[in-house]
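# Show me how the following folds:
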Amino acid sequence: MLKAQDNWLLFLPRYSPDLNPIEMAFSKLKTLIRKAAARTYEPLWQVVGHVCNLFTEEECYNFFKAAGYETE
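Here you go, the predicted model:
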């Protein structure tokens, strides 16, 4: 059925952080938040909002590419 629709199935281990693009993004996010050293609620949320804008479309594309996902 999948092949008839020109799809493919990729079996992954139950949990594989090396093959999970969101883990790469979270790693960068946590590093940047630590550098900001915001320790209270309001400053922390301001930093999170600012840091999220630092992720470029190209960088997100590269997270998927590095994890071995097919990209166009």
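# so Phe63 touches Ala25, yeah?
Yes. With contact defined as CB atoms under 8 Å, Phe63 and Ala25 form a contacting pair (5.8 Å). C-beta here means a position set from N, CA and C on the backbone, and glycine is covered the same way.
# So for these two, which sits in the more crowded spot?
Phe63 (18 against 15; other CB atoms under 10 Å).
# following the helix ranked longest in the chain, which helix or strand comes up?
Ordering each helix of the chain by length in residues (DSSP state H) puts helix 21-36 first. The helix or strand immediately downstream of helix 21-36 is helix 41-52, counting by DSSP states H and E.
# pLDDT on that following helix, on average?
Mean pLDDT, helix 41-52: 91.
# chain center to the next helix or strand after it, what's the gap?
For helix 41-52, the following helix or strand on the C-terminal side (DSSP H and E) is helix 57-66. The chain centroid and the centroid of helix 57-66 are separated by 8 Å under CA atoms, centre = their mean, to the nearest Å.
# Quick one: work out the angle between helix 57-66 and helix 21-36.
130 degrees (axes from the mean of the first three to the mean of the last three CA atoms, to 10 degrees).
# Can you name every helix or strand that helix 57-66 contacts?
For helix 57-66, the elements it packs on are helix 21-36, judged by 3 or more CB pairs under 8 Å, 6 or more residues apart in numbering; DSSP states H and E.
# What is the helix it packs on packed up against?
Short answer (3+ CB pairs under 8 Å, 6+ apart): helix 21-36 packs on helix 41-52, helix 57-66.
# Tabulate those in TSV, adding columns for distance to Leu19.
Formatted as TSV, the helices and strands packed on helix 21-36 follow (distance: least, CB to CB, whole Å):
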stretch	distance to Leu19
helix 41-52	23
helix 57-66	9
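# closest to Arg14 out of these?
For these, distance to Arg14 was read as CB to CB. The smallest value, 20.1 Å, belongs to helix 57-66.
# Please work out the average pLDDT along that closest one.
89.
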